[in-house]
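>>> Quick one, structure for this:
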Amino acid sequence: MATPAQTDNAQITGQVLFYSNPEPLNSETHAKIGLRRLDKPFAFAAKSHVVPLTVTEFPVAGISYPIIFAGEKYQPLAVMGINQEDNLFIQDDGAFVVGAYIPAYIRRYPFVLANDSQNQQLVVCIDRGASMLGELPDLAFFDAKGQPTEYTQGCIQFCNDFEAEARRTESFSNLLQELGLFETRKAHFTPMNADGSAGEPQQIAEYYAVSEDKLRALPDAKIKELFENGALAQIYAHLNSLLGWDRLIALAIARQQAQPAPANLN
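Predicted structure coming up:
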C-alpha cells in the first residue's frame with residue numbers, strides 16, 4: 001500500500017495523463033497546502049477525448065461512453081469525444097455534463113501513485129500544477145502534527161484501490177488477448193453538407209473490440225468459466241457500450257452547430 005513520502009528525496013518516473021507537475025506528497029513540503037473546493041473543477045480533463053477505465057467501471061461507464069481497447073496492452077478507454085483535445089462531456093467552465101459518469105481516473109485527480117525509482121516503491125503524489133490546490137485550503141493535506149488528515153487518508157485509499165483495479169484490468173485485457181477475442185474496428189462519421197445532403201464518410205477512430213463471432217466460437221466450458229468469474233458480463237458491457245458511437249457523434253454535431261459563425265470580414 002502506498003503512503004506519503006517520508007522525505008522529498010523520492011525520484012518519480014513516468015508521465016501520467018493530466019498531471020503537469022507531479023510531486024511526492026510530503027508533510028514538510030506540503031504542510032500548508034490542500035484542496036480548495038471548486039464547483040466546476042474538471043477543466044484539467046477538457047482536452048482529453050479518451051480516458052482510461054478499469055474493468056469494474058464498464059457497466060456504468062458504458063451507459064455514457066463507447067468503451068474501446070487501444071495500444072499494445074489493449075488499454076480500456078472511455079471515448080469522450082471524436083476529435084483530439086475535445087472532451088464533449090466537460091464544458092468550457094469546467095463543469096461535467098449532468099448525468100454522465102465521471103471515470104475514476106478523473107475523480108482521483110490531483111492525487112496519483114507514481115514509481116519512486118530510488119526506493120523501488122509506489123509513492124503518493126499530487127499535481128502541484130492543479131488549479132484546485134493552494135494555501136488556506138478547504139481540505140488540508142496534513143494536520144498540525146504533520147499527519148495525513150482524514151481527507152488525505154481517503155484519497156490515498158482511493159488511489160490504492162484504483163491501482164488494484166488497474167492490475168485487475170490488465171489481467172482482464174490479457175485474458176481477452178490470450179483467448180484471441182480482439183478484432184480491429186473502425187468508427188465512421190458522415191457529415192452534412194451546407195445544402196443538407198450527406199457528405200463523404202470520415203473515419204474518426206480505429207480501435208480494438210471483442211469479436212462476438214470469436215466469443216461465440218469459444219468452447220462451452222470456457223464460456224461458463226467467463227460467466228462464473230464475471231468476465232462475460234464485462235465483455236457484454238463493453239459490446240453494448242459501442243452502440244453509443246451514434247450518440248457521441250450527435251453530441252459533436254450539436255456542439256459544432258452551437259459555435260458562433262465566423263465573422264464575415266469582406
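>>> Return the residues in contact with residue 58.
By Cβ atoms under 8 Å, 6 or more residues apart in numbering, residue 58 lies in contact with 67, 76, 234, 237-238, 241. Yep, even glycine has a C-beta here, placed from its N, CA and C like the rest.
>>> Specify the local secondary structure of it.
Look at residue 58: counting by DSSP: H, G, I helix; E, B strand; the rest coil, its state is helix.
>>> what pLDDT does it get?
Looking at residue 58, its pLDDT reads 98.
>>> Residue 123 too?
pLDDT, the model's per-residue confidence, is 90 for residue 123.
>>> That one: how many residues sit nearby?
For residue 123, the count of nearby residues is 24 (other Cβ atoms under 10 Å).
>>> same thing with residue 38?
The number of residues near residue 38, taken as other Cβ under 10 Å, comes to 12.
>>> same thing with the one 4 residues further on?
The number of residues packed around residue 42, counting by other Cβ under 10 Å, is 20.
>>> one step back: which of the contacts of residue 58 fall within helices?
In helices, judged by DSSP state H, the following of the contacts of residue 58 are found: 234, 237-238, 241.
>>> Separate out the buried members of the contacts of residue 58.
Buried members of the contacts of residue 58, counted by 16 or more other Cβ atoms under 10 Å: 67, 76, 234, 237-238, 241.
>>> And stretch 28-38, what's buried?
Across stretch 28-38, burial judged by 16+ other Cβ under 10 Å covers 29-30, 33-36.
>>> Grab the CA positions of that stretch and hand them over as PDB.
The C-alpha trace of stretch 28-38 is given here as PDB (Å, rounded to 0.1, in the frame of the first residue of the first chain):
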ATOM      1  CA  GLU A  28       7.200  19.200   5.100                       C
ATOM      2  CA  THR A  29       6.800  20.400   1.500                       C
ATOM      3  CA  HIS A  30       3.000  20.400   1.600                       C
ATOM      4  CA  ALA A  31       2.300  21.300   5.200                       C
ATOM      5  CA  LYS A  32       0.400  24.400   4.400                       C
ATOM      6  CA  ILE A  33      -1.500  23.500   1.300                       C
ATOM      7  CA  GLY A  34      -4.500  21.400   0.500                       C
ATOM      8  CA  LEU A  35      -7.600  21.300  -1.700                       C
ATOM      9  CA  ARG A  36      -9.800  24.300  -2.400                       C
ATOM     10  CA  ARG A  37     -13.400  23.300  -3.200                       C
ATOM     11  CA  LEU A  38     -14.400  24.300  -6.800                       C
END
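>>> residue nearest the centroid of this protein?
Taking Cα atoms, centre = their mean, the centroid of the chain lies closest to residue 51, which sits 3.0 Å from it.
>>> OK, contacts around it?
With contacts defined as Cβ under 8 Å, 6+ apart, residue 51 is in contact with 17, 45, 77-78, 80, 103, 105-106.
>>> How about residue 55?
Residue 55 makes contacts with 76, 165, 168-169, 172, 234, as judged by Cβ under 8 Å, 6+ apart.
>>> Strands - which of these land there?
If you go by DSSP state E, the contacts of residue 55 have residue 76 in strands.
>>> what's the closest of the contacts of residue 55 to residue 254?
Using Cβ to Cβ, residue 76 is the member of these that sits closest to residue 254, with 26.4 Å.
>>> what's the distance between that closest one and residue 196?
Note on residue 76: its distance to residue 196, by Cβ to Cβ, to the nearest Å, is 38 Å.
>>> same deal with residue 138?
Relative to residue 196, residue 138 is positioned 51 Å away (Cβ to Cβ).
>>> Give me the more crowded residue out of those two.
Taking other Cβ under 10 Å, residue 138 and residue 196 do not tie; residue 138 has more neighbours (12 against 6).
>>> is it true that that one touches residue 33?
No: in this structure residue 138 lies outside contact range of residue 33 using Cβ atoms under 8 Å: 11.4 Å.
>>> if we can go back for a sec, what pairs with the host helix or strand of the residue nearest to the centre of the chain, parallel or antiparallel?
Using DSSP states H and E, residue 51 sits within strand 50-52. According to DSSP bridges, strand 50-52 has the following sheet partners: strand 75-79 (antiparallel).
>>> mean confidence for the partner strand?
For strand 75-79, mean pLDDT is 98.
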